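1. Quick check, what structure comes out for this input:
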Amino acid sequence: MGHVFRSTAVLVLAILAAGYIHLKPYLAAMGIGRSIESIGTGNCSIVPDLQACEKIVLHQPSGLLYLACSTLRSRLQWMPAISRLDASGMSDDDHVAVYDYEANSITRLSFTGLSSPSGISLHGMDVVISTQEPSTLYVYLVNHRKPASGDPSRVGADSVIEVFETRFGDSELRHIRTFDDPAVIITPNDVVGSPDGKSAYFTNDHAQKAGLKRDLGVLIQPYDTSVGFCHADYGCKFAYRGLHASNGIVKGLGHDNDTYYVADSMLGEITVLKGGPDHTLLFTEVIKTGFAADNLAIDSNGALWVAGLTDVFGFITRKFEDPSAHVSSTGLRVTANNDLGPAYGQRYSVDKVFEDSGRLASGITTVVYDSQRERLFMHGVVSTHLTVCKL
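-> Just a heads-up that it's a prediction; the model follows:
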């Protein structure tokens, strides 16, 4: 009997050890045991009238910010990306806001021409300047609608990508199309749009909308997320599959750039993809940052900015229970070492430009840098304010 007990104990310990070894890199990237520094916090201010804004996009020519916002109460109840699926708490006040730092003004853009009986719940966003008319902007929005039938906790959200058109300075977003294909648009998180309003790449952050297999993914950590592509004339397809915990996506600087960066929200890696034939994407390389990552942005100098999820467990367990809780945040800048080949040093430099315990910026999911005006902007899906720092 004692021999059986000892054998069983050894087996259990071996399983636990194997599980720890498997999860150790994920736990490290998610902030377990991480010490927080105070970096870049000396010249910052907050804008409390902007709340629960998951994504920021900078309009570089003007310096204006476009933000995809909701209400704090709604985010706690209806946030499909983290399986908050109480549709009764879905907001009817989600909106795109435009923030003018110089005038300290906020403009809410109204939706026109959008018929969505299941509501609009904003997540990822892109704002793209038209190549034909620079004053025209195309706004791409991930919309997590409540399902037309079935229990949301069992069937998940009915997610689509909405495309709007506006002109710089207008107060309206005019709806032009909805990309709706549940076989490909499964769990959309973020989106990169084209400058003609007709196509978009987007990330799926899970392979399943809901259910046990999705829940077990926390332990298994499968490589089953993806990037999809939709075109107004040709429909939707998978552009790249086999990613891990896909989150933010951003395109390289310039309309002709065919490089795409995809954040991993658990492992602390950025996957670099290149445009391939027929709107597919091809693997290029992985950039290791050491931080679980949410949204990404490219500044006008070509640097990649990463919203580091410094404390993933605190973000999910404390911030999503109490939005006023302080959860540490990090803003990373990734730049290519063009003079150093792989044989001579690291291909990329990863620098912590901002880090805070949560007093100034708490639980950020988006960071953008206006390199022309030297301003860093940060917000989060359940953050109580926008943070602005002069760097």
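2. who does Ile56 bridge with?
-> Leu67 (DSSP bridges).
3. Let me know whether it touches Leu67 as I believe.
-> Yes: Ile56 lies in contact with Leu67 (Cβ atoms under 8 Å); the separation is 5.3 Å. The way it works is simple: take the backbone N, C-alpha and C, and place the C-beta from them, glycine included.
4. Which one's more surrounded, the two?
-> Ile56 (27 against 24; other Cβ atoms under 10 Å).
5. Give me the spatial nearest neighbour of Val286, chain neighbours excluded.
-> Closest residue to Val286 apart from its sequence neighbours, by Cβ to Cβ, 6 or more residues apart in numbering: Glu269 at 5.1 Å.
6. if we can go back for a sec, mind listing the shared neighbours of Ile56 and Leu67?
-> Common contact partners of Ile56 and Leu67 (Cβ atoms under 8 Å, 6 or more residues apart in numbering): His379.
7. Quick check: bridge partners of the residue nearest to Ser199 when sequence neighbours are not counted?
-> Excluding its sequence neighbours, the residue lying closest to Ser199 (Cβ to Cβ, 6+ apart) is His231, at 4.2 Å. His231 has these beta-bridge partners by DSSP bridges: Ser199, Gly235.
8. Contacts only, for the residue nearest to His206 when sequence neighbours are not counted.
-> Spatially, and ignoring its direct neighbours in sequence, His206 is nearest to Thr187 (4.4 Å; Cβ to Cβ, 6+ apart). With contact taken as Cβ under 8 Å, 6+ apart, Thr187 is in contact with 80-81, 156-157, 159, 204-209.
9. and the closest residue to Asp181 other than its chain neighbours, how many residues sit next to it?
-> Once flanking residues are discounted, Asp181 sits nearest to Cys236: 3.9 Å by Cβ to Cβ, 6+ apart. As a burial measure, Cys236 scores 20 neighbours (other Cβ under 10 Å).
10. which residues does the closest residue to Gly275 other than its chain neighbours contact?
-> With sequence-adjacent residues excluded and distances taken as Cβ to Cβ, 6+ apart, Gly275 is closest to Asp258, at 3.3 Å. Asp258 makes contact with 252, 274-275, according to Cβ under 8 Å, 6+ apart.
11. Strands - which of those residues land there?
-> Using DSSP state E, the subset of the contacts of Asp258 located in strands is 274-275.
12. In ChimeraX, select just the buried ones from the contacts of Asp258.
-> In ChimeraX, a selection of the buried entries from those looks like this (16 or more other Cβ atoms under 10 Å):
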select :252,275
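13. got the contacts of Asp258 as TSV, with pLDDT and distance to Cys44 columns?
-> Listed next are the contacts of Asp258 as TSV, based on pLDDT from 0 to 100; distance: Cβ to Cβ, whole Å:
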residue	pLDDT	distance to Cys44
Gly252	96	29
Lys274	97	36
Gly275	97	37
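14. Spit out the contact partners of the residue nearest to Asp181.
-> By Cβ under 8 Å, 6+ apart, the contact set of Cys236 is 179, 181, 183-185, 228-230.
15. In a markdown table: the residues you listed, plus neighbour count, pLDDT and distance to Ser110.
-> Converted to a markdown table, the contacts of Cys236 look like this (neighbours: other Cβ atoms under 10 Å; pLDDT from 0 to 100; distance: Cβ to Cβ, whole Å):
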| residue | neighbour count | pLDDT | distance to Ser110 |
| --- | --- | --- | --- |
| Phe179 | 24 | 98 | 22 |
| Asp181 | 14 | 98 | 27 |
| Ala183 | 9 | 98 | 32 |
| Val184 | 19 | 98 | 30 |
| Ile185 | 19 | 98 | 25 |
| Gly228 | 24 | 98 | 29 |
| Phe229 | 22 | 98 | 29 |
| Cys230 | 28 | 98 | 25 |
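16. one step back: turn the contacts of Asp258 into a markdown table, columns for distance to Ile46.
-> Compiled in a markdown table, the contacts of Asp258 are given as follows (distance: Cβ to Cβ, whole Å):
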| residue | distance to Ile46 |
| --- | --- |
| Gly252 | 31 |
| Lys274 | 39 |
| Gly275 | 39 |
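17. from the contacts of Asp258, which is closest to Ser300?
-> Checking the contacts of Asp258 against Ser300 by Cβ to Cβ gives Gly252 as the nearest, at 12.4 Å.
18. Find the nearest non-adjacent residue to that closest one, please.
-> In space, and not counting its chain neighbours, Gly252 is closest to Thr259: 3.7 Å by Cβ to Cβ, 6+ apart.
19. same check, this time on Lys319
-> The spatial neighbour of Lys319 that comes closest, neighbours along the chain excluded (Cβ to Cβ, 6+ apart), is Gly363 at 4.3 Å.
20. And the helices in the chain, which stretches?
-> Using DSSP state H, the helices assigned to the chain run over residues 2-29, 72-77, 152-155, 212-220, 312-314.
21. mind saving the C-alpha coords of the third one as CSV?
-> Going back to what we said before, that points to helix 152-155. Extracted C-alpha coordinates of helix 152-155, given in CSV (Å, rounded to 0.1, in the frame of the first residue of the first chain):
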residue,chain,number,x,y,z
PRO,A,152,-24.6,34.2,-24.8
SER,A,153,-22.6,32.3,-22.2
ARG,A,154,-23.0,29.2,-24.4
VAL,A,155,-22.9,30.6,-28.0
